[in-house]
Every structure is written in structure tokens, then in C-alpha cells.
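Structure for this input, please:
(2 chains)
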2 protein chains.
Amino acid sequence: MKIALRIEYKKGVEDPEANTVERNALTLGFDMFRSIKIAKEYVFDVDSKNARSEVEKFARDLLVNPVIQEYSIYERDD
Amino acid sequence: MKIALRIEYKKGVEDPEANTVERNALTLGFDMFRSIKIAKEYVFDVDSKNARSEVEKFARDLLVNPVIQEYSIYERDD
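Numbering: from 1, shown residues only, chains lettered A, B, ... in the order given. Sure, this is the predicted structure:
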């Protein structure tokens, strides 16, 4: 079963990488982008009946910084 | 309109970060993960009738390395 963990910065937290990409877009003439946000997804191939909760536990243990990030978990087909 | 650009490593290309996370998962006792893959998504808020093709052009100009990465583009609600 494929379980995706999607991590994004919380609203109001500055993402320096996204800011840089926005600036570069403008420099390259892409002025139609109002904003650019970046998310990271970990896609787990899980062998467990509790796939979702195992991924959530691992996310909290290692991958997510709850001070500045929020996450969501969903099932994927790929 | 929100357009997402999803970038992943091509099949067969090693992702050192994903390898590290897999190793850490094992160390922490998460032996139910068969594999872990990482994708990056840029979500553009676009003000253009050609939103999708503008994002694709920008992706090819700046964000995607076609030698080792593949990408997909889709519309998002958020």
C-alpha cells in the first residue's frame, strides 16, 4: 500500500527557498505567478495493516517539525 | 488558479536523501516500509489563461533536471 506524507510550511512561516524561486521567476519574466509554495512528499510503500498510523508515527518521530510545518497523509495509487 | 508541478527522480536514479530516510526508518524500528520515495511539489498561484503551459515552461527553464528527474503537472483546489 502506498501512503504519502505531504509536508508544507505553516501559513505565515517564511520559506526562503520558495521566496528565491519567486524572485527568479520574476527575473526570467514569469510575472503571471502570484505566489509559489513548496511541498515535500514522502511516498511509503508499506507492508502493514496499520500503514497510515505507522507513517504518521514515523513522521512525528523524524520528518515533521511541528513548530513550522504541517502535514497531511493520504493513499496513493502509484 | 493553482497549478502543481510534481518532480520526482526517474526510475533507476538513486536518491541519496530517500536512502538515508529508509536507513533511519529501519534504525528506529520501522521495518514495515518496503521503500520510501521523495517528491517535491511547487504549487503556483497563476494569473494567466495559459497557466499550465507557463508553469511547464518555467519548470523546464529552471526547476527540472531532465537527465535525472521527471515531472507532472496538475490542477489543485487548495
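
For the longest strand belonging to chain A, which strands pair with it and how are they oriented?
Counting by DSSP state E, the longest strand found in chain A is strand A:33-46. With DSSP bridges as the test, strand A:33-46 is paired with strand A:2-9 (antiparallel), strand B:33-46 (antiparallel).

Turn those into CSV, including mean neighbour count, mean pLDDT and distance to B:L63.
Using the backbone N, CA and C atoms, a C-beta is placed for each residue, glycine as well. Shown next, in CSV, are those (neighbours: other Cβ atoms under 10 Å in any protein chain shown; pLDDT from 0 to 100; distance: least, Cβ to Cβ, whole Å):
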stretch, mean neighbour count, mean pLDDT, distance to B:L63
strand A:2-9, 18, 98, 17
strand B:33-46, 20, 98, 6
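
Show me what from chain A comes close to chain B.
A:6, A:21, A:24-25, A:28, A:30, A:32-48, A:51, A:54, A:57-58, A:61-63 (Cβ under 8 Å from any Cβ of the partner chain).

Mind checking what secondary structure the residue of chain A most remote from its centre has?
Centroid-distance maximum for chain A: A:G29 at 26.8 Å, with Cα atoms, centre = their mean. Here A:G29 is recorded as coil under DSSP: H, G, I helix; E, B strand; the rest coil.

before we move on, the earlier item: out of the strands paired with strand A:33-46, flag the one nearest A:D78.
strand A:2-9 (6.4 Å; Cβ to Cβ).

what's in contact with the closest one?
The contact list for strand A:2-9, computed with Cβ atoms under 8 Å, 6 or more residues apart in numbering or on different chains, reads A:15, A:18, A:37-46, A:51-52, A:55-56, A:59, A:63-64, A:68-78, B:41.

at 6 Å what do you get?
When contacts are defined by Cβ atoms under 6 Å, 6 or more residues apart in numbering or on different chains, strand A:2-9 is touched by residues A:15, A:39-46, A:51-52, A:55, A:59, A:64, A:69-74, A:76.
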